[in-house]
Each structure stands twice: as C-alpha cells, then as structure tokens.
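Student: how does the following fold in three dimensions:
(one chain, ligands or ions: 1)
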Amino acid sequence: MKHAGKIALVTGGSRGIGKAISMRLAQDGADIILNYKSDSKTAEESAAEIRALGRRAWVFQADMKDDKAIRAMCKQITDDIGQLDILVHNAAFGTMGSILRMGLFSWRAAMDINVTALLLLSQRLAPLLEKSGGHIIGLSSIGADMTFSEYACIGVSKAAMESLVRYLAYELAAKGIHCNGVSAGPVETRAIDWFKWPDAVHRYATTKSPWSRIGQPSDLSGVVSFLCTEDADWITGQIIRADGGISMGEDFNDWLTEEQKAESAARS
Ligand SMILES: NC(=O)c1ccc[n+]([C@@H]2O[C@H](COP(=O)([O-])OP(=O)(O)OC[C@H]3O[C@@H](n4cnc5c(N)ncnc54)[C@H](OP(=O)(O)O)[C@@H]3O)[C@@H](O)[C@H]2O)c1
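Tutor: Sure, this is the predicted structure:
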C-alpha cells in the first residue's frame, strides 16, 4: 500500500470531495485526520468508515476562517500526534453573485478560507511535513482561470490559492516538501447547490466533457493520492486539472443549427 504508515490531514474531509480523498488515502494505507466545520455527525460517520478500513481516524472541528482554531488544531496535531505526511486543503467557501454587488464579508471569507488557511496550515505544519518529506495539496477549480457567471468570489480566491501553491512549492522544496494543486471542473457534491441553477451546471458539464458526464468525488481522490506518492516526486508547483476535458476548448458543433447537427450525426 503506497501510503502505509503515513498520516494525512484533510480539511473539509467529512463529505463531498474531501471525504472521497480521505477514504482513498485510507484505502491506500494512510491514517486520517479529518477536519470539518459544523456537521459533527457526518464527520464522525466518515471517521467510522475510515476506521472500518483498519486505519486510525482523528476528528478535528476547526473553522478554516478562524486563525485561533487553525492554530489550536495544528498544535494538537503536533503535540498529540506528532507526525504528518500529507496536508490536503480542501475546505472552501464562496458566494455566487455579481462582482458589483459582492459583499466584503463574502469576499474576505473566501480569501480567508480558500487562501489564508492554506498559508497558516503550511506555516504551522511545515515542521512535521519537513520531518516526513511530506506533500501539500490544495483543491482548486477551473474557475480560477476560466470565467463563469457569478463565480468571481470563488474563482479569484482559487487563483490566489494556485499562486500560493507555486510559491510554497518553490520555497519548501528546500525542506523536501512537495506542493501541488488539483483543479476540478464541476463535481457532483452539495456544493453544486450554491449555483442558482444547479441543473445548468449538470448540463454544462455533461455537454462540455467529451466523456459526457459530470465529475464525481472519486475522479479527484485518485489524483490527490498519486501526487503524494514517490512516482510524482518530480511534480511540484503544478496545478493538475482533473475536469474530464471540459476546459480543453469549445466544440464547434455547439454552433451548428439543428439541421446541420443532424447532417453531422448522419456522417459520423
Ligand atoms: N463540487 C464542485 O463542483 C467543485 C468544483 C471545483 C472545485 N471544487 C473544490 O473542491 C473542494 C471540495 O468541494 P466539495 O464540493 O466537496 O464541497 P462540499 O461538498 O460542500 O464539502 C465541504 C466540506 O468542507 C467543510 N467545510 C466547509 N467550510 C469549512 C470551513 N470554513 N472550515 C472547515 N471545514 C469547512 C464541510 O464541513 P461541514 O459539513 O462540517 O460544514 C465539508 O466537509 C473545495 O475546495 C471546492 O472549491 C469543487
């Protein structure tokens, strides 16, 4: 098992993509420190699933917006567990809406949770990660470098996080720590409900991906696990897109009339 004996912290690891990452790392041999914000029942249930795999699981409530809570969690990990091989910053926040009406609270919360938390976690956990020659992974979104209506709050903060990933990778290489990002297209989780029209997100994903489906949390978890292996040792400071090909480009056929589409289909 490629992560046997390792310990991984996954922020927002209780459900959605974070849970899939926690489960995959556990299946690959790692013990899991599972962080969540408010839903303790779901977090405990996820921890129980990890323990059922024969792994250890610790559950830490800490809001990634709260510097004191992050500090306390990092201290507990350092003092009580004393080992960390993988840090996955997956928890995120953002509101949907027009830039011109964006409230400062939402903007700052997105920056705090999506960007600053990764900085604080990396600063405070670097001593443990240095000991293990560890890995830092940030979960990003294709909205960091593509524009989607009403997505600016999240997209801009994810772009900042991707830049932080590169700077961390550059500086922390001297400590033997790798740092990368994984950038997702739409993935079927509760986060899709943040969109005003979730059904349109589904249609967008299934139409734009040449695989004709929306992403699933398990589409991301294997990529994260791989990036934390020795086989990925030469990959650092990179943002790996896992979006089913959505961002490859436009399909000219989208602009065909119904008649032209029928003719094109008859020819293929
Ligand atoms: N789903 C998508 O389409 C999509 C696309 C691109 C990128 N991503 C990225 O993938 C990551 C995971 O997204 P998801 O769709 O799996 O989200 P999700 O289903 O909404 O899950 C969010 C998780 O994060 C936790 N969380 C939320 N706010 C937190 C905070 N302030 N502090 C600590 N934990 C917090 C939640 O815990 P509680 O339940 O306790 O609140 C939960 O465990 C995010 O970084 C997101 O930006 C998602």
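
Student: how about the strands in the stretch 101-250 of the chain?
Tutor: 135-141, 178-184, 239-242 (DSSP state E, counting those that start in this stretch).

Student: would you turn those into a markdown table with distance to Gly155?
Tutor: Glycine gets a C-beta too; all of them are placed from N, C-alpha and C. Listed next are the strands of the stretch 101-250 of the chain as a markdown table, based on distance: least, C-beta to C-beta, whole Å:
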| stretch | distance to Gly155 |
| --- | --- |
| strand 135-141 | 7 |
| strand 178-184 | 11 |
| strand 239-242 | 13 |
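
Student: so of these, which one's packed in deepest?
Tutor: Comparing these by mean neighbour count (mean count of other C-beta atoms under 10 Å), strand 135-141 ranks first with a mean of 27.

Student: does the ligand have contacts with that strand?
Tutor: Yes. Strand 135-141 comes into contact with the ligand (C-beta under 6 Å from any ligand atom), by way of Leu139, Ser141.

Student: now that strand, how far from the chain's geometric center?
Tutor: Remark: strand 135-141 is offset 5 Å from the chain centroid, using C-alpha atoms, centre = their mean, to the nearest Å.

Student: the strands of the stretch 101-250 of the chain into TSV, with extra columns for mean pLDDT?
Tutor: TSV is the format used below for the strands of the stretch 101-250 of the chain (pLDDT from 0 to 100):
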stretch	mean pLDDT
strand 135-141	98
strand 178-184	98
strand 239-242	98
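
Student: got phi/psi on Val10?
Tutor: phi -120, psi 110 (degrees, to the nearest 10).

Student: give me the beta-bridge partners of it?
Tutor: Under DSSP bridges, the beta-bridge partners of Val10 are Leu34, Val88.

Student: so what's it up against?
Tutor: Gly18, Ile21, Ser22, Leu25, Ile32, Ile33, Leu34, Asn35, Val88, Asn90 (C-beta atoms under 8 Å, 6 or more residues apart in numbering).

Student: top of the residues you listed by number of neighbours, please.
Tutor: Ser22 (32 neighbours; other C-beta atoms under 10 Å).

Student: what is the helix or strand hosting it packed up against?
Tutor: Assigned by DSSP states H and E, Ser22 belongs to helix 16-27. With contacts taken as 3 or more C-beta pairs under 8 Å, 6 or more residues apart in numbering; DSSP states H and E, helix 16-27 sits against strand 7-10, strand 31-36, helix 40-52, strand 86-89, helix 217-227.

Student: so which of the ones you listed is nearest Ala160?
Tutor: strand 86-89 (12.7 Å; C-beta to C-beta).

Student: does the closest one come close to the ligand?
Tutor: No. Applying C-beta under 6 Å from any ligand atom, one finds strand 86-89 separated from the ligand by no less than 7.7 Å.

Student: touching the ligand at all, stretch 247-254?
Tutor: No. Residues of stretch 247-254 are not located near the ligand by C-beta under 6 Å from any ligand atom, the shortest gap being 11.4 Å.

Student: mean confidence for that stretch?
Tutor: On average, the pLDDT along stretch 247-254 is 78.

Student: separation between the closest residue to Ile177 other than its chain neighbours and the ligand?
Tutor: In this structure, Ile177 finds its nearest non-sequential neighbour in Leu129, 4.9 Å apart by C-beta to C-beta, 6 or more residues apart in numbering. Using C-beta to the nearest ligand atom, to the nearest Å, we find Leu129 at a distance of 20 Å from the ligand.

Student: burial measure for Leu129, as a count.
Tutor: Using other C-beta under 10 Å, Leu129 has 25 other residues around it.

Student: over to Asp67?
Tutor: 13.

Student: in this structure, which helix or strand is least confident?
Tutor: helix 258-267 (a mean of 86; mean pLDDT, DSSP states H and E).
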